[in-house]
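1. Sequence first, predicted coordinates after that:
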2 protein chains.
Amino acid sequence: MTDSMTSAEDTGARRGRGERGGAAARRAARAGGGPGGQLTYIKRQVPYYEVLGEEGLALIEANADTVLEEIGIEFRDDPEALALWKEAGADVRGQRVHFPKGLPRALLKTAPSVFTQHARNPERSVQIGGGATVFAPVYGPPFVRDLQANRRYATLEDFHNFVKLAYLAPSIHHSGGTVCEPVDVPVNKRHLDMLLAHMTLSDKPFMGSVTAPERAEDTVAMAKLLFGEEFVDRNTVTISLINANSPMVFDDTMLGAAKVYARANQACIVTPFILAGAMSPVTVAGTLTQVLAEVLAGAAFTQLVRPGAPVLFGTFASSISMQSGAPTFGTPEPSLVSYGAAQLARRLGLPLRTGGSLCAAKTPDAQAAYESANTLNSTILCGANFVLHSAGWLEGGLSACYEKFIMDVDQLGVAQKLAAGVDLSENGQAMDAIREVGPGSHYLGCAHTQANFQSAFYRSIVADNNSFEQWQAEGEKTAAQRANELARRWLDSYEPPALDPGIAESLNDFVARKKASMPDAFT
Amino acid sequence: MTDSMTSAEDTGARRGRGERGGAAARRAARAGGGPGGQLTYIKRQVPYYEVLGEEGLALIEANADTVLEEIGIEFRDDPEALALWKEAGADVRGQRVHFPKGLPRALLKTAPSVFTQHARNPERSVQIGGGATVFAPVYGPPFVRDLQANRRYATLEDFHNFVKLAYLAPSIHHSGGTVCEPVDVPVNKRHLDMLLAHMTLSDKPFMGSVTAPERAEDTVAMAKLLFGEEFVDRNTVTISLINANSPMVFDDTMLGAAKVYARANQACIVTPFILAGAMSPVTVAGTLTQVLAEVLAGAAFTQLVRPGAPVLFGTFASSISMQSGAPTFGTPEPSLVSYGAAQLARRLGLPLRTGGSLCAAKTPDAQAAYESANTLNSTILCGANFVLHSAGWLEGGLSACYEKFIMDVDQLGVAQKLAAGVDLSENGQAMDAIREVGPGSHYLGCAHTQANFQSAFYRSIVADNNSFEQWQAEGEKTAAQRANELARRWLDSYEPPALDPGIAESLNDFVARKKASMPDAFT
């Protein structure tokens, strides 16, 4: 019997079964999402995939040390940062810091390898580091692809919608940060509305503002209103994205925000944002060397500011098309960078941020899916601890896409089930089932199947597994069309999590006062 | 600087570069395919990903031994097979064979762990086993989704087209077998036209017919005409798919074909074709146990027929939807089965067939791509040696799809580049580039980039990485639409590889004589 013969023969039987009892089950399976089904962050049960041996790792580490010592890293327009480095024993020439061999690593000994980011709902608090993986939505798109398939500037309403979807999505563990840029809000006031949304529309952990040091201060102030001043002093309640300006530069905006967060014991993700070929060498080993050097410098800086402040080894590594200069995603080179970076981060004892569901596609089509799946597969297997851009990313990050968000959420569920590994319990071994069924029969009705069928297999909320004829009868919908329907249904079903009215009022007051205190700025 | 700000800022610059010099380069990059760019089979430079530890592997092996001994495997309607097992020391009761512990493993000591399948063009010969991975196209679909997006029964013309596309595709190493069912040819004569197409329209290695023992004989006879009688006696020139009728049954058709091939020293892929939940337990460990037991029995059988005959450990493991009974693909459970099966195969010393680019989608949309990418990622990381269904599979294998074929071929290129691993040479380390560029500059024009840009990054033939505006101006095409154009262009450009006219004539004579010797049969 050939594969296809079996498939063809099975079609009739499948359809028959589907007609008898499948409709209600399908409806249930398709309902998807909702806080009831919330998954906790991933507690990994599978090994890491590693592409570098000891020799390769040692080589890259030695090369990164050479970069730090010989070439150095610039800390621009921040005299305080330069003074801190000088005091720590670095060789500061102008804005360029040269690091004696071993200094950044020595400083990083105080950084925790595992910490908790608290959510206002303690059940949604997440572990960052170790065997944990936390999925957060897309970050930063100025555009959205809306539910009418229009590409337009994002608004605060879109921002609210993505916060709601992330709150409802069982496989999203984190509310994220700039899920899209609310372009209809003045630039200098956006962070207030964004923080307010994360704090009131969701009870998952969230990210802080990094676009100016005073906005980071506002983040900490609002977090204190939400969690209480004492709690924030003693615990990490925000995580923020501190990008290097690669190659080998940190600018004053990022350094300013990093200082605010580190001083407040809040987490920073130090991330070289790299399109290889433009911001790093065209090779994987060269890119890893530069990434490691930049992270060592930036992460060690947080420990100068406050020893023990939580900090992540971040990478965002894509490549550019050497033909057009455009960024590309889902290609093999960034996957290799993620695998290698994860190994380097573990050796350094820092939690890792990398990966996501990245793509260059302009529409939620097959390109979007191939590229995103390639990125997500390497993300989960490399052992990333914090995954930004895990849902909704389209068009190289320029657009947040509703349909893509839902499709990605589905794939995050696949990744989470994969990370649970193989159940080797007696029930997992299923010897009773094999004995009961025997040669030439089937397992559909056996006791073991009956006992396990609800949780045995991952149930996709987006995939259509029905017969061709049934799919045709239901309107020949693409995955994107089904995801569109789900996004609408989820948003319709949204209800905000309960929040102490006094806290809500104090947050709203803070935002209103802050907004009233400054003129609108749109640049 | 946030990720999105960089992306947004880069858009203008990218577009500028694209307009200046990118058009010709893009055309070249998009031309794709063609025998000139043919890649040899994958010679893996990256580690295997493994999900089971020693304890889990030993447990599954012990359970499989128990299945073989206590429950047994049925060899149906083939008295010769039963006699061979009896002679070898098995306990044969009716058609059920019970295996003394260790017997199948002992028999398999004669099976090669690595062998060569020869192609008529020696440059296209492939290694099966060890660190090699060979990609072959989809196998068995009775339908096609044609270039006008019609779903209809496949014809011999479609068959020829897919053989041509596989011949042209740089990342396909093997011509495959039943790339689709040529439904317009009588069932009893199809294998002749299919073999003739593989032998004359391509110079890549191919698969044999398994739908009846006499068709397997025809395969060997035609191979002797193509390669010479002596060469075929001494070498493996065909590989054929011998599916178990899971659970725990081999039928006479498959056993008959297996005997023909093993006797002729031709390769068999012994594959439990499993939709978990129907043909095996709903758990990964239970499925692996049954797969191992079935492979041990079937593969050992080939060694009874002819010790030393090449044989593969095959798995085709999907799950069924427990709601509708339909097969599902790209879900986490089959990936875990592939990872585990690969470990079991390596311990057994047999080459492994698993995976592909599998999906349940009815159209080449995001579902097709997510599911296929998930399958392909586990396929390449688990270390599959022979990958059937690596391109063109749609709709659970019921349809061969032209667009999907092209999109998958592109992704096979991604997988092949990934498997090449990290270059740690001096050029790979790129320290000269990092020194030359320094902080705050860019790598676009540096000497190292100039020297490496042609081969640095994988170049997709399908992905659109241009700006949104350019994509819009070019008609807002989806990946499937771009793949459709490529498929047409490839087919237009096809020219057959040279073949000795005497050999071609003898093959055509053989087919004509055979066809004339029997009436048409359509069932």
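-> Here it is on my side, so go on. Everything numeric here is computed off the predicted structure, so don't read it as measured data. Residues are numbered from 1 along each chain as shown, chains lettered A, B, ... in the order given.
2. where in the stretch 201-350 of chain A is pLDDT low?
-> Along the stretch 201-350 of chain A, segments meeting pLDDT under 70 are nowhere present.
3. ok, which stretches of it are strands?
-> In the stretch 201-350 of chain A, strands defined by DSSP state E, counting those that start in this stretch lie at A:206-207, A:238-244, A:249-250, A:267-276, A:311-314, A:316-320, A:327-328, listed in chain order.
4. Which positions in the helix or strand harbouring A:Lys515 come out as buried?
-> Secondary structure from DSSP states H and E places A:Lys515 in helix A:501-516. By neighbour count with 16 or more other C-beta atoms under 10 Å in any protein chain shown, helix A:501-516 contains the buried residues A:503-504, A:507, A:510-511, A:514. Using the backbone N, CA and C atoms, a C-beta is placed for each residue, glycine as well.
5. Mind telling me which residue of the stretch 351-500 of chain A is nearest chain B?
-> Closest approach between the stretch 351-500 of chain A and chain B, counting by C-beta to the nearest C-beta: A:Ala430, at 2.8 Å.
6. What are the neighbouring residues in contact with that residue?
-> Shown in contact with A:Ala430 (C-beta atoms under 8 Å, 6 or more residues apart in numbering or on different chains): A:448, B:281-283, B:285-286, B:289.
7. Now it. Nearest residue, chain neighbours left out?
-> Distances taken as C-beta to C-beta, 6 or more residues apart in numbering or on different chains put B:Gly286 closest to A:Ala430, at 2.8 Å, once the chain neighbours are dropped.
8. count of residues packed around A:Ser125?
-> Neighbour count of A:Ser125, defined by other C-beta atoms under 10 Å in any protein chain shown: 19.
9. quick one: it from chain B, how far?
-> Noted for A:Ser125: a distance of 25 Å to chain B, by C-beta to the nearest C-beta, to the nearest Å.
10. Let's see the pLDDT reported for that residue.
-> Looking at A:Ser125, its pLDDT reads 98.
11. Next secondary structure element downstream of the worst-scoring helix or strand of chain A on mean pLDDT?
-> Least confident element among the helices and strands of chain A, by mean pLDDT, DSSP states H and E: helix A:3-31 (a mean of 36). Counting by DSSP H and E, the next helix or strand C-terminal to helix A:3-31 is strand A:42-43.
12. Mind jotting down where the strands sit in the stretch 401-523 of chain A?
-> Here the stretch 401-523 of chain A has no strands by DSSP E, counting those that start in this stretch.
13. which residues of it fall in helices?
-> Under the criterion DSSP state H, counting those that start in this stretch, the stretch 401-523 of chain A contains helices at A:402-419, A:426-429, A:431-437, A:447-456, A:468-473, A:479-493, A:501-516.
14. Single out the most deeply packed of these.
-> Across those, the average number of neighbours (mean count of other C-beta atoms under 10 Å in any protein chain shown) peaks for helix A:402-419, which reaches a mean of 27.
15. Wasn't A:Ala62 part of a helix?
-> Yes - assignment of A:Ala62 by DSSP: H, G, I helix; E, B strand; the rest coil places it within a helix.
16. Go ahead and confirm A:Tyr339 touches A:Leu57.
-> No - applying C-beta atoms under 8 Å, one finds A:Tyr339 not in contact with A:Leu57, separated by 11.5 Å.
17. which of those two has more neighbours?
-> The neighbour count for A:Tyr339 versus A:Leu57, taken as other C-beta under 10 Å, is higher for A:Tyr339 (27 against 18).
18. The nearest residue to that one once chain neighbours are set aside and A:Gly314, how far apart?
-> Excluding the flanking residues, the one nearest A:Tyr339 by C-beta to C-beta, 6+ apart is A:Val51, at 4.3 Å. A:Val51 sits 19 Å away from A:Gly314, going by C-beta to C-beta, to the nearest Å.
19. what does A:Thr328 give?
-> With C-beta to C-beta as the criterion, A:Thr328 and A:Gly314 are 20 Å apart.
20. where in the stretch 1-150 of chain A is pLDDT low?
-> Applying pLDDT under 70 to the stretch 1-150 of chain A flags the ranges A:1-36.
21. Can you report how many residues lie near A:Asp520?
-> Per other C-beta under 10 Å, the neighbour tally for A:Asp520 reads 10.
22. Return the per-residue confidence for it.
-> For A:Asp520, the pLDDT comes out at 92.
23. Give me the pLDDT value at the nearest residue to it once chain neighbours are set aside.
-> With sequence-adjacent residues excluded and distances taken as C-beta to C-beta, 6+ apart, A:Asp520 is closest to A:Pro186, at 3.8 Å. We have a pLDDT of 97 for A:Pro186.
24. so how far is A:Asp193 from A:Pro186?
-> On the measure of C-beta to C-beta, A:Pro186 and A:Asp193 end up 10 Å apart.
25. One more: A:Asp203?
-> 18 Å.
26. more neighbours, the two?
-> A:Asp203 (22 against 18).
27. Now do the contacts for the more buried one.
-> By C-beta under 8 Å, 6+ apart, the residues touching A:Asp203 are A:119-121, A:124, A:167, A:497, A:499.
28. same check, this time on A:Gly330
-> By C-beta under 8 Å, 6+ apart, the residues touching A:Gly330 are A:358-360, A:370-375, B:414, B:463.
29. re earlier: in CSV, could you pull the C-alpha coordinates for the helix holding A:Lys515?
-> Extracted in CSV, the C-alpha atoms of helix A:501-516 (Å, rounded to 0.1, in the frame of the first residue of the first chain):
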residue,chain,number,x,y,z
PRO,A,501,-10.9,50.7,41.1
GLY,A,502,-8.6,52.8,43.3
ILE,A,503,-5.5,51.6,41.3
ALA,A,504,-7.3,52.2,38.0
GLU,A,505,-8.2,55.7,39.1
SER,A,506,-4.6,56.5,40.2
LEU,A,507,-3.2,55.3,36.9
ASN,A,508,-5.7,57.3,34.9
ASP,A,509,-5.0,60.4,37.1
PHE,A,510,-1.2,60.0,36.5
VAL,A,511,-1.7,59.8,32.8
ALA,A,512,-4.1,62.7,32.7
ARG,A,513,-1.7,64.9,34.8
LYS,A,514,1.3,63.9,32.7
LYS,A,515,-0.4,64.7,29.5
ALA,A,516,-1.7,68.0,30.7
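30. Over it, what's the mean pLDDT, rounded is fine.
-> For helix A:501-516, mean pLDDT is 98.
31. re earlier: so which of the helices of the stretch 401-523 of chain A gets nearest B:Glu426?
-> B:Glu426 lies closest to helix A:402-419 among the helices of the stretch 401-523 of chain A, at 36.6 Å (C-beta to C-beta).
32. Which strands and helices lie in contact with the closest one?
-> On a contact count with 3 or more C-beta pairs under 8 Å, 6 or more residues apart in numbering or on different chains; DSSP states H and E, helix A:402-419 meets strand A:42-43, strand A:143-145, helix A:156-168, helix A:366-382, strand A:393-394, helix A:479-493, helix B:332-348, helix B:366-382.
33. redo that, cut-off 6 Å
-> Secondary-structure packing of helix A:402-419 (3 or more C-beta pairs under 6 Å, 6 or more residues apart in numbering or on different chains; DSSP states H and E): helix A:366-382, helix A:479-493, helix B:332-348.
34. So which bits of the stretch 51-200 of chain A are right by chain B?
-> Counting by C-beta under 6 Å from any C-beta of the partner chain, the stretch 51-200 of chain A comes close to chain B at A:51, A:56, A:63, A:67, A:74, A:140-142.
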